[in-house]
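In: give me the fold of what follows.
(one chain, ligands or ions: 1)
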Amino acid sequence: MLGVPLQIGPVHLESNLLLAPIAGWCDLAWRVTVRSLGGVGLACTDLLSPQGLLRGSAASLDIARTNDFDRPIGMQLYGSDPSVMADGAKWAADHGATVVDINMGCPVDKVTKKDGGSKLMCHIPGAVAIAEAVRTALPASVPLTAKMRLGWDEQAYEAGCACELAVRLAQVGVAMVTVHGRTTEQRFKGDCRHEGIRRVVEAVGEATGSPASGGVPVVGNGDVRSAEDCIAMMRATGCAGVMIGRGAFARPWVFREAWGLQRSIAEGAPLPGDLEPSEAEKIGIARAYFERMREYRDDRYALHKFRQKISWLGKSINGGHCRALKEGVRNAPNPEEIHAALDAWLAGAPEPAPTG
Ligand SMILES: Cc1cc2nc3c(=O)[nH]c(=O)nc-3n(C[C@H](O)[C@H](O)[C@H](O)COP(=O)(O)O)c2cc1C
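Out: Modelled structure (predicted):
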């Protein structure tokens, strides 16, 4: 499946790479910034409360915010009540969602204590009932997808919980399944388990056929930080696509690198050259992201988020050696000073890059 764009029900993507939802990170400004660098087939909102959307809560509407540069877009819902989830899905379809996703993987107490997120994996009939209700509520043009983990704990993993759930979901019309290769108990510890993702790929392939012949695609997720990691994930698991979250924090151009490498392997063409932006381009990317936050939200939000995120963005600037830049951004009291800090970094002699 290297280099083959994903098909999700009636929706054809430009690649098989997905930007992961990361609550607090993957806002509209970030999605548009990452998309502008190429290689992203689909991006997704962070998890959304259907009740919040239906009530018109400002926080939910901010998370659901999208625009014409943000296409195709998945809107992700969490919850445990089939009819509320169905109403939330209708809201999403009416407000621009290309795809609606059900969160079946969130390990956070606030979500699982209300039986949502990865708690859905503990009661497969309930999770399937939600998917059926949502599928029925959506127009045929808007496919339903689900994102899950390997199960709640080791026992569930060994019992094949994710395989069973993914197959049952596919049977009620879920058009794509994403699997993060950890259990809920693992949270983000330990390594992502390719073996677990492979089992789900095989189970869904057996039940629905290969994606090439119209079967339901399974997307692998977890710890992909480079084009090489992406190829390793696809080879080890047989997954039809790869979702990347944290790996894009420092290297938002990882999608174009991963897609470029896949295409050249698939075509037997020479490997792509270095697709990493120049240092000046990296500053330009950071600046554009900051400006998009101002435009889509406001200065206060942009300043707060940019000060937080500069540590991650800085990991790939001058080999991570950019303390002066990070300090300049963190101490900037207003947008003008943010730009001044970026300008000063560009103009000044950078700290020496690491050797070796
Ligand atoms: C801070 C944080 C917030 C997250 N928020 C969401 C979310 O809203 N919805 C979701 O499905 N997954 C969420 N995830 C999980 C990621 O989408 C992804 O499955 C996980 O980070 C593993 O992929 P990665 O190693 O590429 O980041 C979150 C992860 C982190 C670290």
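In: what strands flank the helix or strand hosting residue 145, and is each parallel or antiparallel?
Out: For residue 145, the host element (DSSP states H and E) is strand 144-148. Applying DSSP bridges, strand 144-148 is found paired with strand 99-104 (parallel), strand 176-180 (parallel).
In: please work out which residues outside that strand touch it.
Out: Residues outside strand 144-148 that contact it (C-beta atoms under 8 Å, 6 or more residues apart in numbering) are 8, 21, 74, 76, 89, 99-105, 118, 120-121, 131, 134-135, 138, 162, 165-166, 169, 173-180, 221, 243. Every residue, glycine included, has its C-beta placed from N, CA and C.
In: name the residues that touch the helix or strand just after it?
Out: Sequence-wise, the next helix or strand downstream of strand 144-148 (DSSP H and E) is helix 154-158. Contacts to helix 154-158, defined as C-beta under 8 Å, 6+ apart, come from residues 121, 122, 150, 151, 183, 185, 196.
In: per-residue pLDDT of the spatially closest residue to the last one that is not a sequence neighbour, please?
Out: It refers to residue 196. Distances taken as C-beta to C-beta, 6 or more residues apart in numbering place residue 150 nearest to residue 196, at 4.2 Å, with adjacent residues excluded. Turning to residue 150, the model gives it a pLDDT of 98.
In: any idea where the strands of the protein begin and end?
Out: Assigned by DSSP state E, the chain shows strands spanning 7-8, 11-12, 17-19, 42-44, 73-77, 99-104, 144-148, 176-180, 218-221, 241-244.
In: please state the offset of the third one from the chain centre?
Out: In this case it means strand 17-19. Distance of strand 17-19 from the chain centroid (C-alpha atoms, centre = their mean, to the nearest Å) equals 6 Å.
In: compare the strands paired with strand 144-148 and give me the one nearest the ligand.
Out: strand 176-180 (3.9 Å; C-beta to the nearest ligand atom).
In: between strand 73-77 and the closest one, find me the angle.
Out: Between the axes of strand 176-180 and strand 73-77, defined by axes from the mean of the first three to the mean of the last three C-alpha atoms, to 10 degrees, the angle is 70 degrees.
In: what residue in the stretch 101-250 of the chain comes nearest to the ligand?
Out: For the stretch 101-250 of the chain, C-beta to the nearest ligand atom, closest residue to the ligand: residue 245, 2.9 Å.
In: run a quick neighbour tally on that residue.
Out: 19 (other C-beta atoms under 10 Å).
In: also the one 10 residues further on?
Out: As a burial measure, the neighbour count of residue 255 was computed by other C-beta under 10 Å and equals 28.
In: cool, and residue 176?
Out: Per other C-beta under 10 Å, the neighbour tally for residue 176 reads 30.
In: quick one, what contacts it?
Out: By C-beta under 8 Å, 6+ apart, the neighbours of residue 176 are 6, 8, 9, 99, 143, 145, 146, 216, 217, 218, 219.
In: same check on residue 126?
Out: Here residue 126 is in contact with 80, 115, 120 (C-beta under 8 Å, 6+ apart).
In: where's the nearest residue to residue 257 once chain neighbours are set aside relative to residue 104, distance?
Out: Leaving aside its sequence neighbours, residue 257 sits nearest to residue 227 (C-beta to C-beta, 6+ apart; 4.1 Å). Using C-beta to C-beta, to the nearest Å, we find residue 227 at a distance of 28 Å from residue 104.
In: hmm, back to that, make a markdown table out of the strands paired with strand 144-148 and add distance to the ligand and mean pLDDT.
Out: Formatted as a markdown table, the strands paired with strand 144-148 follow (distance: least, C-beta to the nearest ligand atom, whole Å; pLDDT from 0 to 100):
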| stretch | distance to the ligand | mean pLDDT |
| --- | --- | --- |
| strand 99-104 | 5 | 98 |
| strand 176-180 | 4 | 98 |
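In: coming back round to it: do the strand holding residue 145 and the ligand meet at all?
Out: Yes: Strand 144-148 is in contact with the ligand by C-beta under 6 Å from any ligand atom, via residue 147.
In: now do the closest residue to residue 83 other than its chain neighbours, the pLDDT please.
Out: Ranked by C-beta to C-beta, 6+ apart and with sequence neighbours excluded, the top spatial neighbour of residue 83 is residue 133, at 6.3 Å. pLDDT recorded at residue 133 is 98.
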